[in-house]
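>>> Here is my input; please provide its structure:
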Amino acid sequence: MSIHPTAVIGPEVVLGKDVMIHPYAVLDGKITVGDGCEIGPFVHLTGWVTIGKNTKIYAGAAIGTPPQDYSFDGTPGLVEIGENCVLREYVTVHTPVRGAEGEKTIVGDNCFLMANSHVAHNVKLGKNVVLANGCLLAGYVEVEDFAFLSGNSAVHQHCRIGAYVMVGGLTKVVQDVPPYVLCDGSPAMAHGLNVVGLRRRGFTQEQRTMLKELYRILYSGISLREAIAKMKAMETDPLVAHFVEFVEKAEKRGIISASE
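Take a look at the predicted model:
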């Protein structure tokens, strides 16, 4: 373990093995840091935070600070950072609202949050999510596994981003983005499947063809109820089931439209 003498470590902090803490970092809450983590200079960990093993947090990041929400009454809530994550310079991850009810702010395993990205209260990131520089997630946003959100994209509160989605730079997301889709624009619109991303992740030609058919049905101009019924009639497959389940749950914000 290596702790610089200028770092401030509070009495409730629990540090794992082989943790490195750089100059002027402040850990002043109910903080648990897993084995092999590195906490950069001027990082502030406060409130109630758990950090999984081998996660690296760079200079100036602030984790566990109060949410920017008028309804927050100061009740502690858990911020959960997974294993093998990278949080670059000045990333912010906020405490959840209604923490006493079990609400959390979650960053899953293997996530990469680039400089100045923001994860607001009650956000839930799946595994292997990438937020590029300046990406902003409002409260209660949910992002599924392997989604990639490009630089300076912004997501409205309560929106959901499906698995393997690619969000273009400067995109304004105000509705749910179905899994496996490429979206861009202000407001965001679907531009077909994220074919390059799916190919890189090992999706077969047969799987990509099946997903293209799901996309075609969803954006064929029929009602959402009809589209769901048609998609459910397709062959039984976990990819189909996930896509349909996601679309069925698009109650708060609705689904983004497709480009012409």
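
>>> going forward, measure contacts between C-alpha atoms and count neighbours the same way
Fine.

>>> Would you map the helices across this protein?
195-200, 205-218, 224-232, 238-248 (DSSP state H).

>>> got the ones you listed as JSON lines, with distance to residue 256 and mean neighbour count columns?
JSON lines is the format used below for the helices of the chain (distance: least, Cα to Cα, whole Å; neighbours: other Cα atoms under 10 Å):
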{"stretch": "helix 195-200", "distance to residue 256": "18", "mean neighbour count": "15"}
{"stretch": "helix 205-218", "distance to residue 256": "11", "mean neighbour count": "17"}
{"stretch": "helix 224-232", "distance to residue 256": "12", "mean neighbour count": "16"}
{"stretch": "helix 238-248", "distance to residue 256": "11", "mean neighbour count": "17"}
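
>>> any chance of these in a markdown table, plus mean pLDDT?
Formatted as a markdown table, those follow (pLDDT from 0 to 100):
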| stretch | mean pLDDT |
| --- | --- |
| helix 195-200 | 97 |
| helix 205-218 | 97 |
| helix 224-232 | 94 |
| helix 238-248 | 95 |
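
>>> Would you reformat those as a markdown table and include distance to residue 183?
Shown next, in a markdown table, are these (distance: least, Cα to Cα, whole Å):
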| stretch | distance to residue 183 |
| --- | --- |
| helix 195-200 | 12 |
| helix 205-218 | 13 |
| helix 224-232 | 19 |
| helix 238-248 | 16 |
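
>>> Residue 153: which of those helices is closest?
Closest approach to residue 153 among those is made by helix 195-200 (18.0 Å; Cα to Cα).

>>> and that closest one, how far from the chain's centre?
20 Å (Cα atoms, centre = their mean, to the nearest Å).

>>> With stretch 179-194 instead?
17 Å.

>>> Show me what the mean pLDDT comes to for it.
Mean pLDDT, computed over stretch 179-194, is 98.

>>> List the buried residues of it.
179-185, 188-190, 192-194 (16 or more other Cα atoms under 10 Å).

>>> Quickly list the domain ranges of the protein.
The chain breaks down into these domains under automatic domain parsing: 2-140, 199-248.

>>> Single out the most deeply packed of those.
domain 2-140 (a mean of 21; mean count of other Cα atoms under 10 Å).

>>> Kindly check the end-to-end length of that one for me.
Start and end residues of domain 2-140 are separated by 36 Å (Cα to Cα, to the nearest Å).

>>> Next one: the spatially closest residue to residue 119 that is not a sequence neighbour from residue 203, what distance?
Among residues not flanking residue 119 along the chain, residue 93 sits closest, at 4.7 Å (Cα to Cα, 6 or more residues apart in numbering). Look at residue 93 and residue 203: by Cα to Cα, they are 32 Å apart.

>>> How far away from the center of its chain is stretch 109-118?
For stretch 109-118, the distance to the chain centre is 8 Å (Cα atoms, centre = their mean).

>>> swap that for stretch 106-123, sorry
That offset, for stretch 106-123, works out to 5 Å (Cα atoms, centre = their mean).

>>> Check the contact between residue 89 and residue 115; I expect there is one.
Yes - Residue 89 lies in contact with residue 115 (Cα atoms under 8 Å); the separation is 4.7 Å.

>>> thinking again about what came up before, looking at the domains of the chain, which is nearest to residue 173?
Of all those, it is domain 2-140 that lies closest to residue 173, at 9.6 Å by Cα to Cα.

>>> ok, now which ones touch residue 26?
7-9, 42-46 (Cα atoms under 8 Å, 6 or more residues apart in numbering).

>>> Check those against residue 33 and report the nearest one.
Scanning these for proximity to residue 33, where the rule is Cα to Cα, the winner is residue 45, at 10.0 Å.
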